[in-house]
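*Asks:* just a sequence and a predicted model for now, questions to come.
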Amino acid sequence: MEKEFTSLKIAILKISDTRTEETDTVGSMLIDLIKEEGHTPTEKIIVPDCIYQIRAALSHWIAKAQVQVIISTGGTGVTGRDGTPEAVKPLLDKEIEGFGEIFRMTSYQNIGMSTIQSRALAGVANGVYLFCLPGSKGACKDGWGLIRQQLDSRTRPCNLVDLMPRLKEK
């Protein structure tokens, strides 16, 4: 018997010094992909490449019961302004190292060695899954292709949804 699909509440954080709601095609694409999969986009905001503004936005959502998953886009590169990993890591209770590794392996198929510039990562904070993707449309499509499988409660042999009730265990 196939397990029933569980719709999750997902927030989108766009990290950019240049994008606006009108020009953020990546965030809009992610919202469409989330809806197509059967999940519920709860909120989407844009913050500048500032470690403290990123942390403030994430901390707000991590503390809300209405958000189960956060996907951020942007700020994962190696330039001076790219600070998403530095903003996120102190907030995590656990890092999911395999996500960044698999993301870069997948990305390598599309962009070759340029993938080493990505510091994509994932983790758990207060029972909320966080996925940090690069800001490009191609990278977000690659990332969503990985994330969507683990956010589908029907994925076997295992998925992240099945673990949600146990994320806050001590």
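*Replies:* Yes, it's here. Nothing here was measured: the structure is a model prediction, and the numbers come from that model.

*Asks:* quick one: residues contacting residue 139.
*Replies:* Listed by C-beta atoms under 8 Å, 6 or more residues apart in numbering, the contact set of residue 139 reads 73, 107, 118, 120, 133. Where you see a C-beta, it was placed from the backbone N, CA and C, and this is true even at glycine.

*Asks:* run the last query once more with 7 Å
*Replies:* The contact partners of residue 139, by C-beta atoms under 7 Å, 6 or more residues apart in numbering, come to 107, 118, 133.

*Asks:* and the second one, how far from residue 15?
*Replies:* When C-beta to C-beta, to the nearest Å is applied, the distance between residue 118 and residue 15 equals 14 Å.

*Asks:* re earlier: narrow the contacts of residue 139 to those in strands?
*Replies:* When the contacts of residue 139 are checked against strands (DSSP state E), the matches are residue 133.

*Asks:* among the contacts of residue 139, name the buried ones.
*Replies:* For those, a burial check counting by 16 or more other C-beta atoms under 10 Å picks out 107, 118, 133.

*Asks:* isn't the first one up against residue 115?
*Replies:* In this case it means residue 107. Yes: Residue 107 is in contact with residue 115 according to C-beta atoms under 7 Å; the separation is 4.1 Å.

*Asks:* could the buried ones among the contacts of residue 139 go into a markdown table alongside distance to residue 154 and pLDDT?
*Replies:* As requested, the buried ones among the contacts of residue 139 are exported to a markdown table (distance: C-beta to C-beta, whole Å; pLDDT from 0 to 100):
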| residue | distance to residue 154 | pLDDT |
| --- | --- | --- |
| 107 | 26 | 94 |
| 118 | 29 | 93 |
| 133 | 23 | 97 |
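
*Asks:* quick one: the strands in this protein?
*Replies:* Listed in chain order (using DSSP E), the strands of the chain are 9-15, 40-47, 69-73, 94-95, 121-125, 128-133.

*Asks:* make JSON lines out of those strands and add distance to residue 161.
*Replies:* As requested, the strands of the chain are exported to JSON lines (distance: least, C-beta to C-beta, whole Å):
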{"stretch": "strand 9-15", "distance to residue 161": "12"}
{"stretch": "strand 40-47", "distance to residue 161": "14"}
{"stretch": "strand 69-73", "distance to residue 161": "10"}
{"stretch": "strand 94-95", "distance to residue 161": "16"}
{"stretch": "strand 121-125", "distance to residue 161": "13"}
{"stretch": "strand 128-133", "distance to residue 161": "9"}
